[in-house]
Structures are given as C-alpha cells and as structure tokens.
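Chemist: Dropping the sequence and predicted coords here.
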Amino acid sequence: MRLTSIAVALAPKRFVHLNLQGRGNPLTSPSSFRCWTRAFSGRSDDYREKLRNGFLQDMKLDDAVGLFSEMVKSRPFPSIIDFSKLLTAIAKLKKYDVAISLGEKMQKLGISHNIYTYNILINCFCRSSQLPLALGMLGKMMKLGYDPNVVTLSSLLNGFCRCNKISDAVALVDQMVEMGYQPDKVTFTTLIHGLFLNNKVSEAVALVDRMVEKGCQPDLVTYGAVVNGVCKRGNIDLALDLLTKMEKGNIEVNVVIYNTVIDGLCKYKHVDDALNLFNEMENKGVRGNVVTYNSLISCLCCYGRWSDVSRLLSDMIERKSTPMFLLLVH
DNA sequence: CTAGGGTTAG
C-alpha cells in the first residue's frame, strides 16, 4: 500500500517531466492542443486555418508533410505565399532535405516558384553545405528572370562560409557592392559567423566595427555570434567588453549570451567570476536556467566546493526547474 | 505579403 502510493506519487511526475521536454505536447503547447481537441471532436479544418493559427510555430515534421499533402490536394492550389510559409517553417526545423524535396514536388505539380521560394530553397542547400546545388538553383532562378537580391546573396554567402570558401565569400560581398547592393546587418552577421567558422577570429571581431562604420548596427544575433566565437576560444575579457557594449547600445542581453560567458568564465577564468556574473545577471532581471546552473555546478564540483553546490541545487529546486536526472548525475 | 544571420551545459 505504501509502496504503491509512493510509486504513484513519483512515477507520473517523472513521466510528465520528461514528456514536457518534447515539442508539441498537448499539455504544453496551445496549438497542438487545438489540433488534438479538433481530432477528437471530429472536425477537420482546411490548411488555411492551420497556416493562420500558429500551427507552424509548434509543429512536428510529420504535421508539416501532412499539411503539404493537404495543400496540394486542394483546388485551386494554395497561393505561393502559403507554400512559402510552410517551407520556411520546415527550414526552421532544420529539415532542409524535406523542404527541398517538397519544393521539387511543387514543380512537378506545376506550381511555379517565385523569388521567395527560390531563396528558401537556395538557403536550404547552403545550410546543408550543398553549395553546387545552391548555385544550380540560382542559375534556374536567373533563367526565369529573377535577379538575386540581398537575401539570395546572404544565403549564398552562408553557403560559401560553410564550405570553407571564405575568400569566395568575401569576394561575393565585394561583388554585391559592385552590383549596387548594400550589405545589411544580416549580411555582415553571416560573414562574421563565417569568419569564426574558419578561425579568422581577429577579422571577425574587426568586422563588427566595420559594420558600424557602414551604418549597420549590430544586434542581438550579431553579438550572439561574436560572444560565442570569442568565448569558445578563451577570450573572456573581450566577451565581457561585448556585454558592456550591448548594454550601452540598449541591446537586450539574453540568458543564452550570459550562459555562454558564464561557461567561458568557468572554463578559462575563475568560478567566482562566473558566480559574480550570475548574480549580476539576476540583479538585472535575467533569470538563470538549467544551462546556467549546470555550468556553475559542474565547475564547482571540480573544485570540491560542495557547500556552493548544495546552495545552487536548492536554488534550482526552489525554482522548480530541476530535472530529476541532474540530481542523480551529481 | 511570404525569403537570409547567432544559441549556451553534461
């Protein structure tokens, strides 16, 4: 009797907790909850409503493919805008191959692409490091009379960087300028990230200043790339400077950026510096998450600072952000 | 009325 009640008290909690990690859980996600209730009420809505209802924001790949087949069955065909939205959502799931094959299906069905969907597909090829296919797609697009725009070129830039063709990437930016395109902050951020990927650290950092000179203000994404790049390489002082710059520029420093720097401080500096930054961040109203605690706790464990460890662990428990498995690991 | 950039721990 006692054992049973303990099991009942513990097991579902653990189960629910692990379950909540997944996407699209009906208990946690409003949109799949809607679909779930719809399925049970026997009503089916057409693709239009799904595209409108935030279905795309919280969707599994199967849902996306299902939606696509629903879309290609309807007559007249949905607009290219609707297909763009779906392909974008699939690309955000990083299922580039799926987006590409659905794009091919569209063409076989006689649904022609426009500059938007071509750009999505080019981006998918670039992000999966299939640069030749991206260039092939570019050729097709141009044959149909669509000139590459700044979005196309930024995507290609990413493709060159990811294929270790950094000098081609830089040349592409020059070519862009010659063609009369103004590189924007996305272009610059892409190139900065690409320079880090190719270990050109000082060039990457210098490019931030150059983009300011060109009138492009770095944003959270730009700084995210730079902070991550310098922390990975142990230049934590520079990362701290960047945090100050962000604050001066009124750019919100989010928990991911703080976590990056805190982890860098743990690895390359002193764990006390990391704890101080953690306090500072919380004082500014940015709450630590499980990643923050994991960085700090595992570092404190290395130094045998058990009283700090237990303090942080009870913090975590108080905040109810404690995955059980962590307690077991430590 | 759609498309391009960064993401931390174990």
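Modeler: Looks like it came in fine.
Chemist: hey, let's count contacts and neighbours off CA atoms from now on
Modeler: Will do.
Chemist: which helices and strands sit right next to the helix or strand residue A:239 falls within?
Modeler: Under the criterion DSSP states H and E, the helix or strand holding residue A:239 is helix A:236-248. The contact analysis (3 or more Cα pairs under 8 Å, 6 or more residues apart in numbering; DSSP states H and E) places helix A:236-248 against helix A:220-232, helix A:255-268.
Chemist: So which residues make contact with the first one?
Modeler: Think helix A:220-232. Helix A:220-232 is contacted from outside by A:185, A:189, A:192-193, A:196, A:201, A:204-205, A:236, A:238-239, A:242, A:246, A:251-253, A:257, A:260-261, A:264, using Cα atoms under 8 Å, 6 or more residues apart in numbering.
Chemist: got it, and the longest one?
Modeler: Contacting residues not belonging to helix A:255-268 are listed as A:224, A:227-228, A:231-232, A:234, A:236, A:239-240, A:271, A:273-275, A:277-278, A:281, A:286-289, A:291-292, A:295-296, A:299 [Cα under 8 Å, 6+ apart].
Chemist: Now the buried members of the contacts of helix A:220-232.
Modeler: A:185, A:189, A:192-193, A:196, A:201, A:204-205, A:236, A:239, A:242, A:246, A:253, A:257, A:260-261, A:264 (16 or more other Cα atoms under 10 Å).
Chemist: Go back to the residues you listed and keep what's next to DNA strand B.
Modeler: A:185, A:189, A:193, A:257, A:260 (Cα under 7 Å from any atom of the strand).
Chemist: ok, for the third one, nearest residue in space, not its chain neighbours?
Modeler: Spatial nearest neighbour of residue A:193, excluding adjacent residues (Cα to Cα, 6 or more residues apart in numbering): residue A:225 at 5.9 Å.
Chemist: how many neighbours does the one you found have?
Modeler: 18 (other Cα atoms under 10 Å).
Chemist: now residue A:75
Modeler: Neighbour tally, residue A:75, other Cα under 10 Å: 7.
Chemist: Could you measure from it over to DNA strand B?
Modeler: 18 Å (Cα to the nearest atom of the strand, to the nearest Å).
Chemist: before we move on, back to that, give the rounded mean pLDDT of the helix holding residue A:239.
Modeler: Mean pLDDT, helix A:236-248: 97.
Chemist: what does that helix rub up against?
Modeler: So helix A:236-248 is in contact with A:223, A:227, A:230-231, A:252-253, A:261, A:264-265, A:268-269, going by Cα under 8 Å, 6+ apart.
Chemist: picking that back up, in a markdown table, list the ones next to DNA strand B among the buried ones among the contacts of helix A:220-232 along with distance to residue A:70.
Modeler: Listed next are those as a markdown table, based on distance: Cα to Cα, whole Å:
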| residue | distance to residue A:70 |
| --- | --- |
| A:185 | 37 |
| A:189 | 37 |
| A:193 | 38 |
| A:257 | 40 |
| A:260 | 42 |
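Chemist: which residues does residue A:152 contact?
Modeler: Counting by Cα under 8 Å, 6+ apart, residue A:152 has contacts A:119, A:122-123.
Chemist: Secondary structure element holding it?
Modeler: Using DSSP H and E, residue A:152 falls in helix A:150-162.
Chemist: Flag every buried residue along that helix.
Modeler: Here helix A:150-162 shows A:150-162 as buried, counting by 16+ other Cα under 10 Å.
Chemist: Stretch A:229-243 too?
Modeler: Buried residues in stretch A:229-243 (16+ other Cα under 10 Å): A:229-232, A:234-236, A:239-240, A:242-243.
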